[in-house]
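Participant: based on what follows, work out the 3D shape:
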Amino acid sequence: MQRSARYCGSMSPLTETTAFVFGLVALGYVSGWTGLLKSSIGDALTAFAVSVAVPILLFRTIIEADFSGAAPLTLWACYFFAVAVAWVTAQVLTSKAFGRDARASVVGGVSGSFSNLVLLGLPLIQGIFGREGLEVLSLIVAVHLPIMMAASIALFEWANRGSAEASPGVAVIIRDFLYKLVANPLIVGILAALVWRLVGLEMPALGQRFVDTFANLAGPVALFAMGLSLRRMGISGNVKAGLALSSVKLFVMPAAALGAAWVLDLSPLVAMVAVTAASLPTGVNPYLIATRFGTGQALASNVMTLSTAAAAASTLFWLAVAQRLFA
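Facilitator: Modelled structure (predicted):
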């Protein structure tokens, strides 16, 4: 843990890195707000980041990672305990406090617990904790999307019980889920890296240059594209519900991760990455899930926009708390 002493010794680098990462998001937003760039460019940049640059970044991270000292089960237990706490809190809050139906409440639950681990988390964790932190986060990213999507589908099916609304059936939904999962570029990048490690191939010099070029683009492009996309998403509908669920995402979830990391006695680096990942704002996937099931789109959009706007301060707060407790 020699690296830990280097990045935990001063708040100045921490504050600067956080400001830089969220500053790139802000620049993307301002570019859209001023009309300098059209929102369609944000969609194109996001597609490039998610489909090309970020999968290659994950591929490079996993094939070069040293997982010999990793304890993925305790890391997953810590992180997904926090997910469960935030999801249940947000779903009950959406139903009881804001009177939404069962299906919209599922959207509320996933919106309050789905961290933006890819577009925001990867560059932030890499900037603060370096390659070792990125390796830890990649263990969460590898299982995050499948687990969150599967949970969303199961809960939507449960919410549709007895509903007059036609359902395509469990078998069709599972088949569609598995197809989209296998075709997802992030999953492809992760699986390709695992196969590469298993076979024991060496990366040729020319191939390494291509990989490094795209991987190094992932962070800046993803952050700028995210800000540009936020301008298009905007805020609409019930703002109070969006604020309440954003509070769950930014405070309840990282607090649960912090407690779990303490109880499970995670190593300092792993604990700090887990808490930071839990403190990240809501990503775009809850909105896509809401669109897929035809309910709660405005709610998911509000939570994504509001939580991202507040996350620069709240994530820095949780980073400082985790640093104080675990470093």
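Participant: following the lowest-mean-pLDDT helix or strand in the chain, which helix or strand shows up next?
Facilitator: Least confident helix or strand, the chain: helix 2-7 with a mean of 44, by mean pLDDT, DSSP states H and E. Per DSSP states H and E, the first helix or strand lying C-terminal to helix 2-7 is helix 11-33.
Participant: elements contacting that following helix?
Facilitator: If you count contacts as 3 or more C-beta pairs under 8 Å, 6 or more residues apart in numbering; DSSP states H and E, helix 11-33 packs onto helix 39-48, helix 122-159, helix 205-233, helix 297-326. In this view, the C-beta of every residue, glycine as well, is placed from N, C-alpha and C.
Participant: any idea how far the third one is from the chain center?
Facilitator: Its chain's C-alpha centre lies 15 Å from the corresponding centre of helix 205-233 when counted by C-alpha atoms, centre = their mean, to the nearest Å.
Participant: alpha carbons of stretch 28-37, as PDB, please.
Facilitator: Output of stretch 28-37 as PDB, limited to C-alpha atoms (Å, rounded to 0.1, in the frame of the first residue of the first chain):
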ATOM      1  CA  GLY A  28     -19.700  19.500 -22.100                       C
ATOM      2  CA  TYR A  29     -22.900  20.900 -20.600                       C
ATOM      3  CA  VAL A  30     -21.900  24.500 -21.400                       C
ATOM      4  CA  SER A  31     -21.100  23.500 -25.000                       C
ATOM      5  CA  GLY A  32     -24.700  22.300 -25.400                       C
ATOM      6  CA  TRP A  33     -26.300  25.100 -23.400                       C
ATOM      7  CA  THR A  34     -24.500  27.800 -25.500                       C
ATOM      8  CA  GLY A  35     -25.400  26.100 -28.800                       C
ATOM      9  CA  LEU A  36     -21.700  25.600 -29.600                       C
ATOM     10  CA  LEU A  37     -22.400  21.800 -30.100                       C
END
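Participant: which residues does that stretch contact?
Facilitator: Contacting residues not belonging to stretch 28-37 are listed as 38-39, 42, 223-232 [C-beta atoms under 8 Å, 6 or more residues apart in numbering].
Participant: now with 6 Å?
Facilitator: Ser39, Phe224, Gly227, Leu228, Leu230, Arg231 (C-beta atoms under 6 Å, 6 or more residues apart in numbering).
Participant: please report how far Gly227 lies from Tyr287.
Facilitator: Using C-beta to C-beta, to the nearest Å, we find Gly227 at a distance of 16 Å from Tyr287.
Participant: also Ser105?
Facilitator: 16 Å.
Participant: Val221 touches Ser51, doesn't it?
Facilitator: No. With contact defined as C-beta atoms under 6 Å, Val221 and Ser51 do not form a contacting pair (11.4 Å).
Participant: Arg100 is nearest to which of the helices and strands packed on helix 11-33?
Facilitator: Checking those against Arg100 by C-beta to C-beta gives helix 297-326 as the closest, at 7.6 Å.
Participant: could you check the angle helix 205-233 makes with that closest one?
Facilitator: Orientation note: helix 297-326 sits at an angle of 120 degrees relative to helix 205-233 (axes from the mean of the first three to the mean of the last three C-alpha atoms, to 10 degrees).
Participant: show me what helix 297-326 is packed against.
Facilitator: helix 11-33, helix 102-111, helix 205-233, helix 239-247, helix 268-279, helix 285-293 (3 or more C-beta pairs under 6 Å, 6 or more residues apart in numbering; DSSP states H and E).
Participant: quick one: these as JSON lines, columns for mean neighbour count and mean pLDDT too.
Facilitator: Shown next, in JSON lines, are the helices and strands packed on helix 297-326 (neighbours: other C-beta atoms under 10 Å; pLDDT from 0 to 100):
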{"stretch": "helix 11-33", "mean neighbour count": "17", "mean pLDDT": "89"}
{"stretch": "helix 102-111", "mean neighbour count": "27", "mean pLDDT": "95"}
{"stretch": "helix 205-233", "mean neighbour count": "19", "mean pLDDT": "93"}
{"stretch": "helix 239-247", "mean neighbour count": "21", "mean pLDDT": "96"}
{"stretch": "helix 268-279", "mean neighbour count": "27", "mean pLDDT": "97"}
{"stretch": "helix 285-293", "mean neighbour count": "20", "mean pLDDT": "89"}
